[in-house]
Structure formats: C-alpha cells, structure tokens
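K.L.:
Quick one: sequence plus predicted model below, questions after.
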Amino acid sequence: MAASRTTVRTQSLYFEDFRPGQRWTSSTRRITADDLAAFTELSGDRHPLHTDPEWAARTRFGRPVLHGPFGIAAFLGFLHDMGLAGESVIALLDTNWRYLKPSYVGDTLQCTLTITRCRRTSDPHQGVVHRHVILENQRGERVQEGTSAVLVRARGAGPDPAALAPGTVEWGSNISELLAQDERFTAATATWDGTIGLRSGDNEVQLRVYLGRIIDVARRTPHGPTFTLVADELTWTELLTGEHNDLVARMMRGQFHATGDAYEYLRLTKVLHLITDAARALAEEAHA
C-alpha cells in the first residue's frame, strides 16, 4: 500500500480522481532577479531586506531575501504545471503556511504535494480535496510547508469518502467492525476499561472499550478519553497508505503524541498497532 507517486496528467482531474496518499512532485524552478523584482512590484512590499543589497548584507541573511508569500505563488504555478489546476477547480478554500527557511535569487525550488483527505459537500456534485504541500530548495532543505484545500467538481453524485477519513465517527465505526473480528484485539483489551481518542488534524473520534469490546464510537464520550493519539493529516495519511505499519517508529520520532494518561498510552502500544492495522486494511480496501 505504498503512497503513490502519480504521473502528471494534462487533463483536468475531478473529485473522484483524488484519494488520500496520492503524491505529485513538480519540476524545478530557479528563482531569478526578475522574479524578485516582479514580486516586489506586484506586492508593493519594498522593504530593504528584499530590495537593498547593502542593507540586506548587514542582516543575518547577508543578502536580499525573497518575500515569504512568493513561495505560495510558486506553489500555485507548480499546481498548473502538474496539471492539477484544470477546469474542474471551482475555488481555492484556504492556505495555511509555515515559513521555515529563507529563499534567495539563484535558489531552485521544487514542490511535493500529497492528498490527505477528500469529502463531498452538501452538493454531491462537488467535493473538497485537502492537500499537504512541501517546498524544498536545491539542497533538499524544506523552506516552506503548508496545507491547502480546494473545491473541485465531481463527475457525478456518489459515496462520500469522508467516511474513510481518520478521526471521523464513520471511520471509527468501520474500524470497530473490523476489530470486533480480531481475536488479538479482544485478548489485548480483555481486562481494560477505558476510552481511546484518535485525532487527525481537527477531527477526533473516541472508541469506548470495555473488557475486550468496543461498546461506543462517538465524537465525544461522557467521561472523555483515557488518552488521545494525535497527529496531523499528513502523518495519518502516510501511516495508513505506506508500505507497512510503522506506527511505533513514528511515535519514537515524535510524529504522534498523546494527551491524557501517558502511562496507559504506552501500555496500550500493541492495541494502537492493532487499531492502525485495521485502519490500514480499511484504506487498502477503499483503494482497491
């Protein structure tokens, strides 16, 4: 179930063509002095950090720096070049961005885009596609990173893949059904009484476990979770669509963390591994 590196298409992609785990890598773009001058004029930001080499030489950067939002503009250009901004696109919904390292004239940028979630809107002929974006320079350094959701047309009405999105109640219910048939999960939780929260970005579902069975799946349970396993949408996507279940390795790297009872979180590592095994099986079935 390796995350797919998708071949660039020239035709427009519709909602049904997207699924979590898809990944595109752009061609490269070298930043020129003309790029810096054009963006300065377009934005009206003529701060000497961008426009005065002598002034910029006295700063920590040592030379003029590209405006941060130039990276967002470059990302939108990469989208077009990759064939991901065709006639099916209705509207850009948001950009949530982090500026990690400066970019300079002479640098070369490249974009990697990963689909992390898809959901239909109240109009079943439209859907929202969530994307995680990484911009790297010629040294492989991550200079900017963010998320961006886009509203796109669907070819027709159909099922809502949001039911497969980590952290939703529908996703938790599907996992619960699979775990009910897993004797390993029953044995591992045979003496346990508590609630496990699973949070992906802004979505959280809680699994109420009592002596080997999941007895409730809800957005909120009466006494709250014993602990909650937390990660961003990209981390969940990579875990569920990667070649193998590397939850423990990701926990050790700090990509997952817990809120609540840390002792129970660590004690139930095997149970969490079984839960993510079920989630991976669900993702594999959906993508088959």
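P.N.:
All right, it came through fine.
K.L.:
Do you have the strands of this protein handy? List them.
P.N.:
23-30, 89-99, 108-120, 126-136, 142-153, 193-200, 203-210, 213-218, 227-231, 257-260 (DSSP state E).
K.L.:
out of those strands, nearest to Asp160?
P.N.:
For Asp160, the closest of those is strand 108-120, at 4.4 Å, according to C-beta to C-beta. For every residue, glycine as well, the C-beta is placed using N, CA and C.
K.L.:
strand partners of that closest one, parallel vs antiparallel please.
P.N.:
strand 23-30 (antiparallel), strand 126-136 (antiparallel) (DSSP bridges).
K.L.:
what residues does the last one touch?
P.N.:
Just to be clear, that refers to strand 126-136. 15, 18, 71, 74-75, 90, 93, 109-121, 142-154, 233-234, 237 (C-beta atoms under 8 Å, 6 or more residues apart in numbering).
K.L.:
Give me the distance between Glu136 and Arg98.
P.N.:
13 Å (C-beta to C-beta, to the nearest Å).
K.L.:
Counting neighbours around each, name which of those two comes out higher.
P.N.:
More crowded of Glu136 and Arg98, by other C-beta atoms under 10 Å: Glu136, with 20 against 11.
K.L.:
Quick one, which of the strands paired with strand 108-120 gets closest to Ala165.
P.N.:
Here strand 126-136 is closest among those (C-beta to C-beta), at 8.8 Å.
K.L.:
Keeping just the C-alphas, turn the closest one into PDB.
P.N.:
What follows is strand 126-136, C-alpha atoms only, in PDB (Å, rounded to 0.1, in the frame of the first residue of the first chain):
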ATOM      1  CA  GLN A 126     -18.700  19.000  -5.600                       C
ATOM      2  CA  GLY A 127     -16.000  17.900  -3.200                       C
ATOM      3  CA  VAL A 128     -13.200  19.300  -1.100                       C
ATOM      4  CA  VAL A 129      -9.700  18.000  -1.500                       C
ATOM      5  CA  HIS A 130      -7.200  18.600   1.300                       C
ATOM      6  CA  ARG A 131      -3.500  18.800   0.300                       C
ATOM      7  CA  HIS A 132      -0.300  19.000   2.100                       C
ATOM      8  CA  VAL A 133       2.500  21.000   0.400                       C
ATOM      9  CA  ILE A 134       6.300  21.000   0.800                       C
ATOM     10  CA  LEU A 135       8.600  23.400  -0.900                       C
ATOM     11  CA  GLU A 136      12.300  22.400  -1.000                       C
END
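K.L.:
That strand relative to strand 142-153, how many degrees between them?
P.N.:
Angle, strand 126-136 to strand 142-153, by axes from the mean of the first three to the mean of the last three C-alpha atoms, to 10 degrees: 160 degrees.
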